[in-house]
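Undergrad: this is the structure alone, sequence omitted:
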């Protein structure tokens, strides 16, 4: 009897980041590359910058302030 699996083959794969990090995992896609990962993304590295936060808040308050 022929094996007709309904699910794709789940195999070991390597994810390569542009920063040089290689992550060993499992995937149905095989090996592939990404541009950014948790090792180099600013959110995870703690080097995230908030740009013009005060200006954004002021614009929001002005836009949604009760009309007098």
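TA: That came in fine, so what should we check first? On a predicted model such as this, the values are computed, not experimentally measured, just so you know.

Undergrad: CA atoms for contacts and neighbours, from now on please.
TA: Will do.

Undergrad: for the chain, which helix is longest?
TA: helix 53-63 (DSSP state H).

Undergrad: near residue 38, how many other residues are there?
TA: Applying other C-alpha atoms under 10 Å, we find 11 residues neighbouring residue 38.

Undergrad: what do you get for residue 42?
TA: 13.

Undergrad: picking up where we left off before, for the record, mean pLDDT for the longest helix of the chain?
TA: Per-residue pLDDT over helix 53-63 has a mean of 81.

Undergrad: and the pLDDT for the closest residue to residue 21 other than its chain neighbours?
TA: Nearest residue to residue 21, sequence neighbours excluded (C-alpha to C-alpha, 6 or more residues apart in numbering): residue 39, at 7.4 Å. Per-residue confidence at residue 39 stands at 84 (pLDDT).

Undergrad: now swap in the one 3 residues further on and tell me
TA: In this model, residue 42 is scored at 70, pLDDT.
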